[in-house]
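Chemist: Okay, sequence plus prediction incoming.
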Amino acid sequence: MKFIRLNAAALAGEHPWHCEALERTGAKVVAVERGGGVLVEFDKEFVVRPDDTLFVCGSVNSLERYQKAFPATSE
């Protein structure tokens with residue numbers, strides 16, 4: 001398992017666990033960096049903001065699929 005850190009880009013406005021990212025790619029958003037803090041639990045109303053940073057976990061292949069499906073700039 002690997003982690004990558006990406007800007008929110010294509011997931012802005014979505015809930016990190018209730019979007020199609022995991023089903024399409026096999027990679028999962030495990031944390032969101034926002035305002036100097038890192039969030040690892042998300043209530044039902046939580047949405048990713050365009051200025052958030054996402055921590056995404058998965059196999060090398062699933063992370064490659066994630067980056068193709070949800071283009072973002074690596075930080």
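Modeler: Now that the structure is in, tell me what you want to look at.
Chemist: Which helix in the chain has the most residues?
Modeler: Longest helix in the chain by number of residues (criterion: DSSP state H): helix 60-69.
Chemist: packing partners for it?
Modeler: The elements that helix 60-69 packs onto, with contact taken as 3 or more Cβ pairs under 8 Å, 6 or more residues apart in numbering; DSSP states H and E, are strand 2-7, helix 21-25, strand 53-58. The way it works is simple: take the backbone N, C-alpha and C, and place the C-beta from them, glycine included.
Chemist: list the buried ones in that helix?
Modeler: Across helix 60-69, burial judged by 16 or more other Cβ atoms under 10 Å covers 62-63, 65-67.
Chemist: Turn the helices and strands packed on helix 60-69 into JSON lines, columns for mean neighbour count and mean pLDDT.
Modeler: Shown next, in JSON lines, are the helices and strands packed on helix 60-69 (neighbours: other Cβ atoms under 10 Å; pLDDT from 0 to 100):
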{"stretch": "strand 2-7", "mean neighbour count": "16", "mean pLDDT": "93"}
{"stretch": "helix 21-25", "mean neighbour count": "17", "mean pLDDT": "88"}
{"stretch": "strand 53-58", "mean neighbour count": "20", "mean pLDDT": "95"}
